[in-house]
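K.L.:
Got a predicted model here, sequence first, then my questions.
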Amino acid sequence: MRAPLRFPSWLLLLPVLLPGCPSSTSNPYGDKKAPPAPEVGADDPRVVVKDGELYTQKTIERAEERMRDDGIGLGSGRPDETNGECRLFAPKLPHPQCCKGEFGFDVATVSEACGLPTYLGESFRNSCGYYFHHDEGPRWFRLSKLPETSAKQAADHHDRKMAESLGERYQPSTPVPGVEGAWWSRHENYRWAFLPGWDNVRQLSWEDASCSDEGITTVMAQVIAAKPAPDHAQRLALVPKARM
């Protein structure tokens, strides 16, 4: 039986390397500016706007409780590779950590397809977030595995949850032109895609500002074509690189 709300189907109404080599670990755009709060979801009492992203009220309460109990500091908002595992970037996050597992994300492909040459790093918060520098603020992409084994089933489940929250304002998912087996949807400037290719569907989330439709379909095709990591395999590099 499914939980009434689950991430990443509607929990985030999502809320950023020079090609071929790692970029500097210093923050290239200075102190993080507070992003404007999105209007979407403001009329839903179960949803809370925080740092420009939308969360369930319970998620926010639990995170704040953990921070109070443990005295946890927030992420520095600066790229860091001192952990020796990944380039970590946590704009504002308790317990920043590298992503758990691989999802087929390839920084070089995204940099070229979306025009984002400087990769800041990754961090894990229910799903894996990948951040790229942009003068107007970090651009992000998120990837996660879903329980479904069919992209259409995953899209249908996502659509039901979104419709429960947004009603007729939400338009159901449709097939992605030129990307066989993939489905996508949008609401306001937030986008979601459901990608086949592995045993479980992977959900990709991003904002319109992060990539053009042409660019993101290139990214989707690469993610679908990527091979899953063998059991107990080490990462290929500190910067995400797809296994092809």
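P.N.:
Great, that's in hand.
K.L.:
Which residue ranges of this protein form helices?
P.N.:
Counting by DSSP state H, one finds helices in the chain at the ranges 57-70, 107-114, 151-166, 213-225.
K.L.:
now the shortest one: mean pLDDT?
P.N.:
Averaged over helix 107-114, pLDDT sits at 98.
K.L.:
what does the longest one give?
P.N.:
Per-residue pLDDT values across helix 151-166 average out to 95.
K.L.:
helices and strands around it, which ones?
P.N.:
strand 183-187, strand 190-195 (3 or more Cβ pairs under 8 Å, 6 or more residues apart in numbering; DSSP states H and E). Backbone N, C-alpha and C define where each C-beta goes, glycine included.
K.L.:
switch to 10 Å and redo it
P.N.:
Packing partners of helix 151-166 (3 or more Cβ pairs under 10 Å, 6 or more residues apart in numbering; DSSP states H and E): strand 174-175, strand 183-187, strand 190-195, strand 202-207.
K.L.:
In CSV: the ones you listed, plus mean pLDDT and distance to Leu143.
P.N.:
Shown next, in CSV, are the helices and strands packed on helix 151-166 (pLDDT from 0 to 100; distance: least, Cβ to Cβ, whole Å):
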stretch, mean pLDDT, distance to Leu143
strand 174-175, 98, 20
strand 183-187, 96, 14
strand 190-195, 97, 9
strand 202-207, 98, 6
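K.L.:
closest one to Phe124 among those?
P.N.:
strand 202-207 (13.9 Å; Cβ to Cβ).
K.L.:
Just want the angle from that closest one to helix 151-166.
P.N.:
40 degrees (axes from the mean of the first three to the mean of the last three Cα atoms, to 10 degrees).
K.L.:
Show me what strand 202-207 is packed against.
P.N.:
Applying 3+ Cβ pairs under 10 Å, 6+ apart, one finds that strand 202-207 contacts strand 127-132, strand 139-145, helix 151-166, strand 190-195, helix 213-225.
K.L.:
give me that answer again for 8 Å
P.N.:
Strand 202-207 sits against strand 139-145, strand 190-195, helix 213-225, with contacts defined as 3+ Cβ pairs under 8 Å, 6+ apart.
K.L.:
in its sheet, what does the first one sit against?
P.N.:
Based on DSSP bridges, the pairing partners of strand 139-145 within the sheet are strand 127-132 (antiparallel), strand 202-207 (antiparallel).
K.L.:
can I get those strands in JSON lines with distance to Leu120 and mean neighbour count?
P.N.:
Below are those laid out as JSON lines (distance: least, Cβ to Cβ, whole Å; neighbours: other Cβ atoms under 10 Å):
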{"stretch": "strand 127-132", "distance to Leu120": "4", "mean neighbour count": "25"}
{"stretch": "strand 202-207", "distance to Leu120": "15", "mean neighbour count": "23"}
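K.L.:
Let me have those strands in a markdown table, extended by distance to Cys99.
P.N.:
Output for these, formatted as a markdown table (distance: least, Cβ to Cβ, whole Å):
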| stretch | distance to Cys99 |
| --- | --- |
| strand 127-132 | 4 |
| strand 202-207 | 13 |
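K.L.:
Of all those, which one comes closest to Thr118?
P.N.:
Comparing the strands paired with strand 139-145 by their distance to Thr118 (Cβ to Cβ), the top pick is strand 127-132, with 6.3 Å.
K.L.:
Report the mean confidence score over stretch 231-244.
P.N.:
For stretch 231-244, mean pLDDT is 94.
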